[in-house]
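Undergrad: Requesting a structural model of the entry that follows:
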Amino acid sequence: MTTQLEQIDLSVSGMTCGACATKVEKTLNQLAGVRATVNFATESARVTISDDVSTQQVIAQVEKAGYGARLLEETTPDMLDKETMERVAMLRARLMVSLIAGLPVVALSMIPAVQFDGWKWWALVLSLPVVLWSAAPFHRAAAMNARHRATTMDTLISLGIIAAMGWSVWAMVWGNAADHQAMDMASMDVDHIYMEVAVAVTVFLLAGRYFEARAKRRAGDALRSLLALGARSATVLRNGEEVVIPAAEVQVGDLLVVRPGEIIAADGVVRDGASSVDVSMLTGESVPVDVTVGANVTGTTVNITGRLVVQASRIGADSTFAQMTRLVRDAQATKAPVQKLADRVSSVFVPTVIAISIGTFGAWWFFGGDLPQAFTAAVAVLIIACPCALGLATPTALMVGSGRAAQMGIVIKGADVLQGTRRVDTVVFDKTGTVTTGQMQLVDVVSAEGTSRSEILTTAGALEHASEHPVAKAIASAARAETGVLRAVENFENLPGMGTAGLVDGVSVLVGNETLMRRKLVLIPAAMNDALVTARDNGNIGVLVAVNGAVMGVCVVADRPKANSAAAIASLRELGLRPILLTGDSRATALAVAKQVGIEADEQHVIAGVLPEEKVRVVADLQERGYAVAMVGDGVNDAAALAQANVGIAMGTGTDVAMNASDLTIVSGDLRLVPDAILLSRATLRTISTNVFWAFVYNAAAIPIAALGLLNPMWAGLAMAFSSVFVVTNSLRLRTTKLTPHTAFVHATR
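TA: Down below sits the predicted model:
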């Protein structure tokens, strides 16, 4: 009998680092018939189970490892947002307490000039809430891991804090620390306290967790933004009457009544009516689609002009909207996040440090018989190995890099998004709203003999002012700018798929395509027909203008490239990156735009006529061929491709879904910032790698010295502080990151 496999998605709670995700994954894969991958960044698990394994068994296995789990489909975006907000608020409160209580401790411990009689007891009182309450999340996680015979970075953090505080209390109560008011930097006696070490570790690590939690909350916004686009209710025809029902209750075959301004609740076929449908939220393209009886329409698109009756054909999980939601979720789930080196080696590093500390204590006591020296050396090992520098390595570089990026108008979501920038060699651009303005503009007016540009605009602008179509708006806007106040229109008629008709000052006016002219029996002169062909060859839209049955001219409308697009493409080429244009528009339009911005107009560099789901396949195909891809886009249709790419870059002038599914956001929409974003991301990643490397080198060199009894815990604390200073100083170098030549002047003048 063939075993049936089922795939389930779980929401996993309680993970604090990549090592936690690894532990959950190993625990799940211990079950027979289960294959699982766990994503720490999205706090989710994708599990494939055989038919003899139940969902409850899988959830119980996760709980056995000490974490929480539930089906992802039962986890609403609001639930996830509430849980994340609660965690962020908890970390913020603990961080504030540790800062308020901890700063005086550090000042009293490190600055002899402010020390007074009994200051150490005051430092002890101030340290207790930091060590016992603010650091409680680390202690709880370490205890939970200990119960399950596992170690993570929380284990070493907790041990470091406890060791520093325990040593201080022991020195004050049983040692001679209480008899000294100032630090004796050369003494090897037990006369120094290390409460500032415990406090500093807590503050730094809480700050890192706090910023990480905030970044993870933003990462979850992509799916919430997608879900927000869907219709909440639908009007259906039941027994000839209109009934409003929740959109989730729509059934295949239902007749949906969609009025102007309403969202179409399901994929379907138009059975009655004609209208223009705004598909920009789904496809990213600026020009609405004219639909009549028999045309297919997609759920979540917006009806603009006329009343439609749509028969639902695909609903729920089968709809285009639901499939796009899954594409974003799947792309995010399969993209491997950066695994911080500290977490990757913690399963070896943490127990090794503990073993060295215990071994040091035993060796000194057994061979030397000196209990104070044994304790001093053992504590020095723990303190010198305390992961303060490791905890600072990523957050400080990310904060400095993010601050530098913010000055440039670039938003970097977090450290985990930077890995892909190292290898990026190909940059794929969406067209509409990214390379182009996303707004239709009048670019030319071709006049018939004996007719002026002003006459055409005055007449066409007056008629088009009454229409909501983007092409009509472009003509009306240009007419108003050039001729002033537009004339009144009578007997206005909107003809979906063809154009508009009406009377302007009592004169019959038609503005539209050839179909409209043929229907109204208007002949198109050869010169005007040539103007239409030229416009289309250049990727533009040609609109005929006829007065009293005679064609007066052609208005040429286009979505023009942004003023800085060509400069951005040139900068990318200087960096050795290959630009590709990817769009749902026609090939003629795409080729015309590519030529204007400096992209090779061939099949390898211009990919046109693609549907939203095909954009993901194009990016994935490039990756399979060995390219490291950065995707730049702004529409909902780009969201899944942005998530699939090695680096997703969204325009801040686009949709929320695109921005939330991306790794980087260009707030201003200035394409010249794309090469800067790549450069800064690479620099930030290099800084993080350098910080982590030297933090471990510092431990590798200092731990043996401490174990040999050559390092007093006080000197260990100072060495640890020095490593932190190095990490911070190295991170601050990001403030001087070199910009690309095309954007250096722009940023210098901001």
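Undergrad: what's the helix or strand for M172?
TA: helix 153-173 (DSSP states H and E).
Undergrad: buried ones in that helix?
TA: Residues 153-169, 171-172 are the ones in helix 153-173 that count as buried (16 or more other Cβ atoms under 10 Å). Bear in mind the C-beta positions are built from the backbone N, C-alpha and C, glycine included.
Undergrad: where in the stretch 151-300 of the chain is pLDDT low?
TA: Low-confidence segments of the stretch 151-300 of the chain (pLDDT under 70): 152-153, 175-192, 208, 212-213, 215-229, 280-287.
Undergrad: ok, which stretches of it are helices?
TA: 153-173, 195-219, 221-229, 280-283 (DSSP state H, counting those that start in this stretch).
Undergrad: hey, where'd the strands end up in the stretch 501-650 of the chain?
TA: 507-512, 541-547, 550-561, 578-582, 606-607, 629-633, 647-651 (DSSP state E, counting those that start in this stretch).
Undergrad: The first one: partners in the sheet, and parallel or antiparallel?
TA: In this case it means strand 507-512. Applying DSSP bridges, strand 507-512 is found paired with strand 499-504 (antiparallel), strand 541-547 (antiparallel).
Undergrad: Ok, which of those strands comes nearest I358?
TA: Nearest of the strands paired with strand 507-512 to I358, taken as Cβ to Cβ: strand 541-547 at 77.1 Å.
Undergrad: chain center to the closest one: distance?
TA: 43 Å (Cα atoms, centre = their mean, to the nearest Å).
Undergrad: Give me the distance from the helix holding M172 to the chain's centre.
TA: On Cα atoms, centre = their mean, the centre of helix 153-173 falls 38 Å from that of its chain.
Undergrad: between the strands of the stretch 501-650 of the chain, which one is nearest to A142?
TA: Closest of those to A142 is strand 647-651, at 35.1 Å (criterion: Cβ to Cβ).
Undergrad: which secondary structure elements does the closest one contact?
TA: strand 629-633, helix 639-644, helix 656-661, strand 664-666, helix 673-707 (3 or more Cβ pairs under 8 Å, 6 or more residues apart in numbering; DSSP states H and E).
Undergrad: I'd like to know which of these lies nearest to F492.
TA: Comparison of the helices and strands packed on strand 647-651 against F492 by Cβ to Cβ identifies helix 656-661 as nearest, at 35.3 Å.
Undergrad: returning to what we had before: could I get the helix holding M172 in CSV with only the CA atoms?
TA: The C-alpha atoms that make up helix 153-173 are tabulated as CSV, following Å, rounded to 0.1, in the frame of the first residue of the first chain:
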residue,chain,number,x,y,z
MET,A,153,23.5,31.0,23.8
ASP,A,154,20.9,31.7,26.5
THR,A,155,22.8,29.1,28.6
LEU,A,156,26.1,31.0,28.4
ILE,A,157,24.4,34.4,28.9
SER,A,158,22.7,33.2,32.0
LEU,A,159,25.8,31.6,33.4
GLY,A,160,27.9,34.7,32.7
ILE,A,161,25.4,36.9,34.5
ILE,A,162,25.1,34.6,37.4
ALA,A,163,28.8,34.0,37.7
ALA,A,164,29.6,37.8,37.7
MET,A,165,26.9,38.5,40.2
GLY,A,166,27.6,35.4,42.3
TRP,A,167,31.3,36.3,42.5
SER,A,168,30.4,39.9,43.5
VAL,A,169,28.1,38.8,46.3
TRP,A,170,30.7,36.2,47.5
ALA,A,171,33.5,38.7,47.5
MET,A,172,31.5,41.2,49.5
VAL,A,173,30.2,38.8,52.1
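Undergrad: could you say what helices and strands it packs with?
TA: Helices and strands touching helix 153-173, by 3+ Cβ pairs under 8 Å, 6+ apart, are helix 119-129, helix 136-147, helix 195-219, helix 346-363, helix 371-384, helix 388-408.
Undergrad: can you list these in CSV and add mean neighbour count?
TA: Below are those laid out as CSV (neighbours: other Cβ atoms under 10 Å):
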stretch, mean neighbour count
helix 119-129, 18
helix 136-147, 18
helix 195-219, 23
helix 346-363, 18
helix 371-384, 23
helix 388-408, 23
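Undergrad: returning to what we had before: which of the strands of the stretch 501-650 of the chain sits closest to E613?
TA: strand 578-582 (12.9 Å).
Undergrad: List the contacts of the closest one.
TA: 425-431, 435, 569, 572-573, 590, 593-594, 598-599, 604-608, 610, 615, 618, 622, 641 (Cβ atoms under 8 Å, 6 or more residues apart in numbering).
Undergrad: which one of the strands of the stretch 501-650 of the chain has the lowest average pLDDT?
TA: Ranked on mean pLDDT, the bottom entry among the strands of the stretch 501-650 of the chain is strand 647-651, at a mean of 86.
Undergrad: How far does it sit from its chain's centre?
TA: Mean-position distance between strand 647-651 and its chain equals 8 Å (Cα atoms, centre = their mean).
Undergrad: my read: I524 touches G549, true?
TA: No. Taking contacts as Cβ atoms under 8 Å, I524 lies outside contact range of G549: 11.7 Å.
Undergrad: between the two, who's got more neighbours?
TA: Neighbour tally, I524 and G549, criterion other Cβ atoms under 10 Å: the higher count belongs to I524, 16 against 12.
Undergrad: quick one: contacts for that one?
TA: In this structure, I524 makes contact with E514, M517, L532, L544, V551, judged by Cβ under 8 Å, 6+ apart.
Undergrad: so R480, which of the three states?
TA: Of the three states, R480 takes helix according to DSSP: H, G, I helix; E, B strand; the rest coil.
Undergrad: Find the nearest non-adjacent residue to it, please.
TA: The shortest distance from R480 to any non-neighbouring residue, by Cβ to Cβ, 6 or more residues apart in numbering, is to L486 (5.8 Å).
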